[in-house]
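**Q** fold the following.
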Amino acid sequence: MNKKQLHAISAAACAAMLALSAIGAWAQTAARGSAQAFPEKPLRLLVPFAPGGNTDILARAVGQKMSENWGKPVVVDNRPGGSGIISAEIVQKATPDGHTIFVGSTGELSINPSLFRKLPYNVEKDYAPVSLGTVSPILIASHPSFAPKTIKELVDLAKAKPKTLSYASVGVGSPMHLSGELFKMITGTDIVHVPYKGGAPASTALIGGREVQFGYVGMGPAIPHVKSGRMKALAISTAKRATLLPDLPTMQEQGVKDFDTSIWFAFLVPAKTPKPVIAKLNAELNRILRLQDTRDFLINTGVEVTPTTPEELARFIRSEAQKYRKIIQVSDTKLDQ
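**A** Numbering: from 1, shown residues only. A predicted model of the protein is given here:
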């Protein structure tokens, strides 16, 4: 190859590099432009549950503030069913422009990947994290007549009478069920799981005191029963005490090492959504969740308000997925799927 040919190749390579650089600069400018113009149309918050629950309450509280600030309608689209898979698929297939937002929870994002043999979505590949929203502690409670008043007394009784105690949850594969299995793993107890179809029948069973001895229930709906004396609170599942029940010790404080479970709710968008758009959404969500009236409203529903960066949410989801994968494997939890 002569010098003239080498020079031609070198010139072509330089031209290609300049072209790629120009394309990259154009792409960055376009992305910044799209973020500045965002939102350009109504936004849709996909909620995988029926109206009235914690996910729906969070979505509506955020949606109202978002609409007021940005001057665009924000629609809360409730698509319950299929263990959250219906909503997850809608967001997965949506245009990645930031106008379709998934308000996902522990189940869809960290439990389903290990619970289902085949899942039509991949959490890490199909979604871009925006921010964590709220974390709801799980309440470990019983009928007032149940003898144990502390977790230590519960463990002692369970070990003295293996397979005779039973605990309620809101269903197989739920955070409440897997909390019960984690408790058994850590404490070395053998307790029978009794799944109910939702929080209302589980709470009814606890209040009745005949079908089960204790259970794991959502804190918000259970607090009125605790305050009325129809239900006895034994512990909180999270590492930190709950704002609404500051005098109730956590599982960890009562000797159950490393116990930390919850029901959490987070905001995600389809993968390939421009990063500047994600940054704008994150800033808006953090602004809203730090407003005092928003915080007070949400905390009174039984949750803790926990806005994050996209990177923090990504790490959190992975950590939670690893935790629940181990619980599901050890407990051999399966669904009829």
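**Q** okay, and the closest residue to residue 280 other than its chain neighbours sits in which element?
**A** Closest residue to residue 280 apart from its sequence neighbours, by C-beta to C-beta, 6 or more residues apart in numbering: residue 35 at 5.2 Å. No exception for glycine: its C-beta is placed from N, CA and C like everyone else's. Under the criterion of DSSP states H and E, residue 35 resides in helix 3-37.
**Q** can you check residue 113 too?
**A** Using DSSP H and E, residue 113 sits within helix 112-115.
**Q** and the following helix or strand past that helix, what's buried?
**A** Moving toward the C-terminus from helix 112-115, the next helix or strand (DSSP H and E) is helix 123-126. Using 16 or more other C-beta atoms under 10 Å as the test for burial, helix 123-126 gives 123, 126.
**Q** helices or strands next to helix 123-126 in the packing?
**A** Applying 3 or more C-beta pairs under 8 Å, 6 or more residues apart in numbering; DSSP states H and E, one finds that helix 123-126 contacts helix 310-331.
**Q** contacting residues around the helix it packs on?
**A** Helix 310-331 has contacts (C-beta atoms under 8 Å, 6 or more residues apart in numbering) with 106, 109-111, 113-115, 123-124, 128-132, 173, 178, 181-182, 184-185, 264, 266, 268, 278-279, 282, 308, 333.
**Q** out of those residues, list just those in strands.
**A** In strands, defined here by DSSP state E, the members of those are 128, 129, 130, 131, 132, 264, 266, 268.
**Q** only whichever of those residues are buried, select them in ChimeraX.
**A** Here is the ChimeraX command that picks out the buried ones among those, judged by 16+ other C-beta under 10 Å:
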select :128,129,130,131,132,264,266,268
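**Q** farthest pair in the ones in strands among the contacts of helix 310-331?
**A** The largest distance within these, taken as C-beta to C-beta, falls between 128 and 264 and amounts to 17.6 Å.
**Q** hmm, residue 240 and residue 250 touching each other?
**A** Yes - using C-beta atoms under 8 Å, residue 250 is in contact with residue 240, at 6.9 Å.
**Q** quick one: which of those two has more around it?
**A** Neighbours were counted for residue 250 and for residue 240 using other C-beta atoms under 10 Å; residue 250 has more, 20 against 13.
**Q** quick one: contacts for that one?
**A** Contacts for residue 250 (C-beta under 8 Å, 6+ apart) come out as 235, 236, 237, 238, 239, 240, 241, 259.
**Q** show me the helices in this structure, by range?
**A** Using DSSP state H, the helices of the chain run over 3-37, 54-70, 85-92, 106, 112-115, 123-126, 151-160, 175-187, 199-208, 219-228, 275-289, 292-299, 310-331.
**Q** sweet, I'm off.
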